[in-house]
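Peer 1: Show me how the following folds:
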Amino acid sequence: MNLSKYLTSRVVVLGVLLGALALALTAPATTFGQGSGAAVDNPLVVSAASMPDGLGKSGGTLIMDNISDPQTFNPITARDDGSDAILKLINAGLMARDGSVAVAESFNIAPDETSVTFTLRKGIKFSDGTPVTAEDVRFTLQDVIFSANVNSSKQAWLLNGQFPNVQVINDSTIKISSSVPFPGLLSNLADTPILPKHLLSGSVQSFNQAWSIVTPPSQIAGLGPFVIKSYTPGQQVVLARNPYYWKTDSSGVQLPYLDQVILPVTTNDDVRLLRFLNGQTDVYPPRPQDLQSIRDKSADGFNVVVQPAGTADSNVFSFNEDAADPNLQKLFRDERFRQAMSYAADRASMISTGLDGLGEPRYGPGISSEYFIGDDADFPQYAFDMSKARQLLDQIGLTDSNGDGVREFPSSYPQPGAAVQFELLTVQDSSVLINDATIYSQALKSLGINVTATPVAFNTLVTRLLNSKTPQYQVARITISFSGDPDYLGDIYAAKGTLHFWKYSDAQGQAVPDWQNQVQQLLTQQTVESDPSKRFDELKQFQQVVAQHVPLVYLYNAQAMQADRKDRIGNFSGTERSVTLLNPDYIFHK
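Peer 2: Residues are numbered from 1 along each chain as shown. This next block holds a predicted model:
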C-alpha cells in the first residue's frame, strides 16, 4: 500500500531560488494538430529528443490496471493510490516536476528571493473550455490549500508559522511572496494542481467532500492531458484526451497522443500479472518473482526494467500511539518498546523472501537522495537482534509470569496482567506486504507477543489509518511514498501533519515528547534556510532524531521495476510508485 500524496512525487528544485533568476522556459508558437479544442498562443512544445522513441502518432488506447477503486476525485484531499493514478492524469500546475514551467509560461524571482511572479500561458483553458486566470491560482492556494478546514498539504507551505501571500496582478500574472526566502516554493508548486474556481468556489466550506466519486464527470475539470469519461465502481475508470491540452510535439501535433486511458480495477497481484502476460494490459509494475516470466516473453514484445533502490519510500510498521486500548496506547508510546520492535524486524529475510533480494535495509525516514543521510556512521541503526529486543521488553516489565509463552502487562499499566497482544493490518492482495507481516508476526511470537495478522482491502486500510483523527487500527504494515523537497516531510512528521497517523493527538499538544518538538523545530528551520549546506545539516539532524526515537519501524527500500508491451506502446518511460504514468502526454499506441 502506498499512502498517496506524500505519498506523491515532489521534484527537488533547491537552488533555483538561491539566485535572483528570471526564467522564461517557453516554446515558439505552434499550430495545433487536428482535433484541437482551442489554440494556446504559446503552447509548451515537447521536443522529439526528450521522447524515448521519438515522435509518436495520435490515436489509440492504453490499458493499465489500477490497484483499487479511487476514493475521491479531489486532488487536494486524496491520500490513496487508487485515486492518485487518475488525478495525476487529469491535473497540472504552474510548474513541471523537472523544475521547468508548465501552465506558467515564465516566472521571475525577486532579487531578495522572497517572491516569485508567474505569467500564465495565453489562451490556456481548463478541460471544460473555461479560460484559466490568475484568480484560479489564488483560489487554489489561498482559499483551498491554506484553509484550516481543508485536509491539504498545508504544512509544506508554512514559513515561521505563516503562509505566503498570494496576489493577483492581472488575469495572467500572479505573485507569491513571503517575509523570508522560500527555498521549496517551486517544488511545492510542481505538484499543486490548479483548480477551477468557477466549479469549486461554492464548495469551499465543504471542500473535503467536493468532487467525490459520485460527482458527474462533466462537473470535474483540470489542466492535465486527460479528462474523466466514466467511472464504474469495482470495474474501471475511463479517461479521454483533453481537447484543450496546452502541449504539442515539435511537429505541431497537439498532445496527448492517446485517445483514451483505461484503468480497470484489479486488486490482486497475481491477477494483474496474468492479465499482463495474456495481453490484456499494456503496462505492469512487476514484483521480483514476476521478472523471469516476463523476460521469458521478451520475444513477444514484453519488456522489463529494474531500477536501483531509491531512498524515498518508507516501508514501515506503524504502531498507533492513540490506540483505543489503554494498555496498547501506553505501550506504543514507550520508546523502548518501539526500539524493541525495530530490533525484531528481520529485514534481511523480508528482502530475501518478499523482494528476491532486490532491496536495501532502512532504519530511518525516507527522503530524497539529494538529502538522505542514511550511510553516516552516526546514523542510528536497529539491525535484527532478538536479544536486544528481549532486553528492552524486560526493562518495560513485560514478563511471562504464568509460563504460557505470552508476556503480560505489569502493575503500572491500566489493565495489569492482560496478555500483550495486538492486531496487525496489511493489504489482502499484496504478497509482499503479507510476507513482511508474516515474518514479523512470527518473530514477535517468539518474543512472547501475540500478533493477529489481518489482511484487509487496500481502501479499508487507508480509511482506518487516515479518515479519522482517531485512527481505527493498532499496528499496520504500510508504505509511505515520498520524493522531492523535504518541505513535505512536515505533513508526515510535524505534530499537526495530516499524515501524522501514528499519533494525531500530538496536534493537541498533550503528551508531546521533547524529540517531537525538536523535529518540528528542525523542519521549520530548514523551510526558510537558503544556504544548501546549512539546510543539509538541519535535515541530517532531523533524520537522526527520527531514526533514534522510532515513531515508525522502518524496514527497507525496494528496487523499482517497470514492465510494458514494447510492441504495442511507444515512449513509455515508467511510472511513479507503480501507479502513475510518468509521461502520459506523449505515450503513443503503435
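
Peer 1: my read is Ala560 is in a strand, agree?
Peer 2: Yes: counting by DSSP: H, G, I helix; E, B strand; the rest coil, Ala560 is part of a strand.

Peer 1: isn't it right up against Arg287?
Peer 2: No: the pair Ala560 / Arg287 is not scored as a contact, 11.6 Å apart, by Cβ atoms under 8 Å. C-beta coordinates here come from the backbone N, C-alpha and C atoms, glycine included.

Peer 1: Contacts for stretch 334-345, please.
Peer 2: Residues from elsewhere that reach stretch 334-345 (Cβ atoms under 8 Å, 6 or more residues apart in numbering): 317, 319, 331-332, 363, 382-386, 388-390, 392-393, 395-396, 440, 443-444, 447, 513, 549-551, 553-555.

Peer 1: Dump that stretch to PDB, restricted to CA.
Peer 2: The C-alpha trace of stretch 334-345 is given here as PDB (Å, rounded to 0.1, in the frame of the first residue of the first chain):
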ATOM      1  CA  ASP A 334       7.100   3.800  25.200                       C
ATOM      2  CA  GLU A 335      10.200   4.500  23.100                       C
ATOM      3  CA  ARG A 336      11.900   1.300  24.400                       C
ATOM      4  CA  PHE A 337       9.000  -0.700  23.000                       C
ATOM      5  CA  ARG A 338       9.300   0.800  19.600                       C
ATOM      6  CA  GLN A 339      13.100   0.300  19.600                       C
ATOM      7  CA  ALA A 340      12.500  -3.400  20.600                       C
ATOM      8  CA  MET A 341      10.000  -3.700  17.700                       C
ATOM      9  CA  SER A 342      12.700  -2.300  15.300                       C
ATOM     10  CA  TYR A 343      15.300  -4.800  16.500                       C
ATOM     11  CA  ALA A 344      12.700  -7.600  16.000                       C
ATOM     12  CA  ALA A 345      12.300  -6.700  12.300                       C
END
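
Peer 1: Show me which residues of it are buried.
Peer 2: Phe337, Arg338, Gln339, Ala340, Met341, Ser342, Tyr343, Ala344, Ala345 (16 or more other Cβ atoms under 10 Å).

Peer 1: From the chain's centroid, how far away is that stretch?
Peer 2: Put simply, stretch 334-345 sits 26 Å off its chain's centre (Cα atoms, centre = their mean, to the nearest Å).

Peer 1: Assign a three-state SS to the spatially closest residue to Tyr284 that is not a sequence neighbour, would you?
Peer 2: In space, and not counting its chain neighbours, Tyr284 is closest to Phe276: 3.8 Å by Cβ to Cβ, 6 or more residues apart in numbering. State at Phe276, reduced to three classes by three-state DSSP: helix.

Peer 1: quick one: contacts for Phe276?
Peer 2: Contacts of Phe276 by Cβ under 8 Å, 6+ apart are Asp65, Val283, Tyr284, Ile294, Ala563.

Peer 1: again with Arg347
Peer 2: Neighbouring residues of Arg347 by Cβ under 8 Å, 6+ apart: Pro361, Arg362, Ala383, Phe384, Leu555, Tyr556.

Peer 1: so what's the closest residue to it other than its chain neighbours up against?
Peer 2: Distance criterion Cβ to Cβ, 6+ apart; nearest residue to Arg347, sequence neighbours excluded, is Pro361 at 4.4 Å. Contact analysis of Pro361 by Cβ under 8 Å, 6+ apart lists Arg347, Ala348, Ile351, Ala383, Leu555, Tyr556.

Peer 1: Show me these that map onto strands.
Peer 2: Tyr556 (DSSP state E).

Peer 1: Just the buried ones among the contacts of Pro361, please.
Peer 2: Here, 16+ other Cβ under 10 Å leaves Arg347, Ile351, Leu555, Tyr556 buried among the contacts of Pro361.

Peer 1: pLDDT value on the third one, please?
Peer 2: Among the per-residue scores, Leu555 shows a pLDDT of 95.

Peer 1: Not counting sequence-adjacent ones, nearest residue to it?
Peer 2: Spatially, and ignoring its direct neighbours in sequence, Leu555 is nearest to Asn315 (4.3 Å; Cβ to Cβ, 6+ apart).

Peer 1: Report the contact partners of that neighbour.
Peer 2: Arg362, Asp436, Ile478, Thr479, Tyr554, Leu555, Tyr556, Asn557, Ala558.

Peer 1: Run me through the strand neighbours of the helix or strand where it lies, direction for each.
Peer 2: Using DSSP states H and E, Asn315 sits in strand 314-319. On the basis of DSSP bridges, the sheet neighbours of strand 314-319 come out as strand 475-480 (antiparallel), strand 552-554 (antiparallel).

Peer 1: So which of those is nearest Val103?
Peer 2: Proximity to Val103 (Cβ to Cβ) singles out strand 475-480 among the strands paired with strand 314-319, at 28.1 Å.

Peer 1: No more questions from me, cheers.
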